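S.K.: just coords:
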């Protein structure tokens with residue numbers, strides 16, 4: 001009985017700690033968020049999202065190795081956690097490893113087919129790999145998903161991205 005109560009208290013404490021970590025992250029206190037996520041992980045070491053979020057805080061601080069280690073650990077705990085693959089893709093993208101980024105975005109999309117921002121970022125990586133036109137089909141799909149999800153601001157952002165890319169393509173075609 002006492003063991004069940006201790007377990008319930010640990011879960012409640014972990015939830016409170018995760019909320020505190022998220023608040024610190026949103027305030028830009030990434031070191032504080034890392035400390036809180038680490039504490040939550042000590043209480044509950046099998047929460048994949050805690051590893052993924054701590055990884056993102058490391059990423060924001062430019063600490064790529066611990067970020068990737070946390071993303072990898074999150075995937076080990078929960079291979080269906082799309083956000084961890086997405087974040088690994090972002091890490092590869094920022095390192096200009098566009099082929100690896102595309103592979104990670106593909107894994108994220110396989111796990112969560114309506115993950116609109118993953119399509120946006122995969123389109124950006126494909127554009128870097130294959131040229132200006134290669135991102136458009138992913139961006140068009142992302143725009144449809146954002147619209148269906150009621151995220152009109154992101155929908156408009158992606159539509160502007162498509163328009164900008166199309167304009168650049170048109171101008172490039174006019175140059176000799």
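M.R.: Structure's in. What do you need? None of these values were measured; they are calculated from a predicted model. Residues are numbered from 1 along each chain as shown.
S.K.: Skipping its backbone neighbours, what lies nearest residue 129 in space?
M.R.: residue 98 (4.8 Å; Cβ to Cβ, 6 or more residues apart in numbering). In short, each C-beta sits where N, CA and C put it, glycine included.
S.K.: so who does the one you found touch?
M.R.: 92, 125-126, 128-129 (Cβ atoms under 8 Å, 6 or more residues apart in numbering).
S.K.: now do 10 Å
M.R.: Neighbour list for residue 98: 89, 92, 122, 124-130 [criterion: Cβ atoms under 10 Å, 6 or more residues apart in numbering].
S.K.: next one: residue 32
M.R.: Here residue 32 is in contact with 20-21, 23-25, 57 (Cβ under 10 Å, 6+ apart).
S.K.: what do you get for residue 14?
M.R.: For residue 14, the contact set (Cβ under 10 Å, 6+ apart) comprises 39-44, 47, 50.
S.K.: those helices in this protein, which residues are they?
M.R.: 2-26, 30-43, 48-60, 64-77, 82-94, 98-111, 116-130, 136-148, 152-174 (DSSP state H).
S.K.: And the pLDDT at residue 172?
M.R.: For residue 172, the pLDDT comes out at 44.
S.K.: Equivalent analysis for residue 127, please.
M.R.: For residue 127, pLDDT reads 93.
S.K.: Distance check, residue 116 against residue 94.
M.R.: Distance from residue 116 to residue 94, counting by Cβ to Cβ, to the nearest Å: 20 Å.
S.K.: Is it correct that residue 92 is in contact with residue 107?
M.R.: No: the criterion here is Cβ atoms under 10 Å, and residue 92 misses it with residue 107 at 11.5 Å.
S.K.: coming back round to it: select only the buried ones of the contacts of residue 98 in ChimeraX?
M.R.: Selecting the buried subset of these in ChimeraX, with 16 or more other Cβ atoms under 10 Å as the burial test, is done by:
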select :89,92,122,124,125,126,127,128
